[in-house]
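In: Here is a sequence together with a model predicted from it:
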Number of protein chains: 2
Amino acid sequence: MSISRTLPDGRRQIFGFLLAGDFAGLEAGAVYGFDAEALTDVRACRFERPAFEAFIRDNVDVALRLVHVASNERSQAARHEMLLGRKTALERIATFLADLRERSGERHLRTHPLSLPMTRAEIADYTGLTIETVSRVFGRLRDDKVVEMVGTGAVRILDPALLAVFAESST
Amino acid sequence: MSISRTLPDGRRQIFGFLLAGDFAGLEAGAVYGFDAEALTDVRACRFERPAFEAFIRDNVDVALRLVHVASNERSQAARHEMLLGRKTALERIATFLADLRERSGERHLRTHPLSLPMTRAEIADYTGLTIETVSRVFGRLRDDKVVEMVGTGAVRILDPALLAVFAESST
DNA sequence: CGATGCGTTGATCGGTATCAAGGGGGGTGG
DNA sequence: CCACCCCCCTTGATACCGATCAACGCATCG
């Protein structure tokens, strides 16, 4: 699933991609809503707001856990803001791949090859680039033997250490 | 106060500016920390974590309130991600000014003129631009009679409607 | 087999960064 | 009280990264 918002003129920003087990919708109580779109077949578990709130009321631990989840989300958002505001195209794609690999690993999903269920357009809207630039950067990472493309829907990360270097300070 | 992080090579991203009454530090429980810097004289109220957590445990309403605060923060962060990922320099500055004006109004702070306690460098690091570009965009807004500079530390917003238009779709 | 959607690659453009010079205000020391 | 300095800001000239425009390949599907 991707979480996004779109400006009236069509410019879209994707805030993140959810993996299996992720929680979404905390923010739905706020003034502004988000769009969520499935990238793959999805099984979702929905909680009714009033019932959910009542449940929280009776289970303080859950409330604390929610605060903790929200904390992590804010920290994750900050990493994304750093990516969007201060990183080069190469660093953005490298960060995107490194993060996705790490998160997939935590969830015990396959990371070799690493599946990319999103399109180039979605990667572009997540990284604040265009599809052409995304494609060119993938090409460069391929030429540099950092990754190996497996079709367009997956990559084999050949040099995770170099990828991590690219993610924070490119040449 | 500004909330920020800096990359090893010195690139800085500011995530937001706190106004009087704002709450900070929820995110401090996460893996990554943030830097906070005072822009003006500040009076702060500090809560010890364990005591604060115990207090929350005994006051479920506070916990729910915290979840709500976290929600709003996420939504605010999303607006900022949209700004950084998809907006032009003019839109970024216009959005920055419009948002600051709105938030200042909510807190019953003076908005005419609107005080800008942060330096150009801090505005640049918030908007993902350089100080030169920030300065040029202010110049353009001034020439277009959208704002009137009051020294470098304040602006009079002459045309809020036009500013709002610039904030979401510039020419 | 043509149409359609997605991805890649090439050529060129343009917005913002970078490099450079100078102005102004406020604090400090003579 | 004044001269100097330092910091912040502005403005101009130029460079460059990523956007835009364009063409094409390839797979999928009707």
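Out: The structure has been received and is ready for your questions.
In: and the lowest-mean-pLDDT helix or strand in chain A, what other elements does it pack with?
Out: Least confident helix or strand of chain A, by mean pLDDT, DSSP states H and E, is helix A:49-58 with a mean of 83. Identification of packing neighbours for helix A:49-58 by 3 or more CB pairs under 8 Å, 6 or more residues apart in numbering or on different chains; DSSP states H and E yields helix A:60-86, helix B:60-86. (Glycine included, C-beta is placed from N, CA and C.)
In: chain center to that helix: distance?
Out: Its chain's average C-alpha position is 28 Å from that of helix A:49-58, according to CA atoms, centre = their mean, to the nearest Å.
In: before we move on, what about stretch A:149-165?
Out: Stretch A:149-165 sits 16 Å away from the centroid of its parent chain (CA atoms, centre = their mean).
In: And DNA strand C, is it touching that?
Out: Yes: using CB under 7 Å from any atom of the strand, stretch A:149-165 comes into contact with DNA strand C via A:149, A:152.
In: ok, and does that stretch reach over to chain B?
Out: No: using CB under 8 Å from any CB of the partner chain, no contact is recorded between stretch A:149-165 and chain B, whose separation bottoms out at 11.0 Å.
In: Quick check on the nearest residue to A:Arg110 once chain neighbours are set aside: phi, psi?
Out: Closest residue to A:Arg110 apart from its sequence neighbours, by CB to CB, 6 or more residues apart in numbering or on different chains: A:Ser104 at 7.3 Å. Torsion angles at A:Ser104 (phi, psi; degrees, to the nearest 10) stand at phi -60, psi -40.
In: from what I can see A:Ser104 touches A:Leu19, true?
Out: Yes: using CB atoms under 8 Å, A:Ser104 is in contact with A:Leu19, at 6.6 Å.
In: who has more neighbours, the two?
Out: Between A:Ser104 and A:Leu19, counting by other CB atoms under 10 Å in any protein chain shown, A:Ser104 is the more crowded of the two (17 against 14).
In: show me what contacts that one?
Out: A:19, A:110-111, A:114-115 (CB atoms under 8 Å, 6 or more residues apart in numbering or on different chains).
In: now A:His112: how far from A:Ala78?
Out: From A:His112 across to A:Ala78, the span is 29 Å (CB to CB, to the nearest Å).
In: Out of the two, name the residue with the larger neighbour count.
Out: Between A:His112 and A:Ala78, A:Ala78 has the larger neighbour count (other CB under 10 Å), namely 23 against 14.
In: just to revisit the earlier point, how far away is the residue nearest to A:Arg110 from A:Leu162?
Out: Here the criterion is CB to CB. By it, A:Ser104 lies 19 Å from A:Leu162.
In: Repeat that for A:Leu19.
Out: Per CB to CB, A:Leu19 is found 24 Å from A:Leu162.
In: Likewise for A:Val137?
Out: Here the criterion is CB to CB. By it, A:Val137 lies 14 Å from A:Leu162.
In: Over to A:Gly85?
Out: The spacing between A:Gly85 and A:Leu162, counted by CB to CB, is 24 Å.
In: Looking at these two, which one has more neighbours?
Out: It is A:Gly85, of A:Gly85 and A:Leu162, that has more neighbours when counted by other CB under 10 Å, with 25 against 16.
In: so what's the more buried one closest to, chain neighbours aside?
Out: Closest residue in space to A:Gly85, ignoring its immediate chain neighbours: B:Gly128 at 3.3 Å, by CB to CB, 6+ apart.
In: List the contacts of that neighbour.
Out: Contacts of B:Gly128 (CB under 8 Å, 6+ apart): A:84-86, B:13, B:83-84, B:92.
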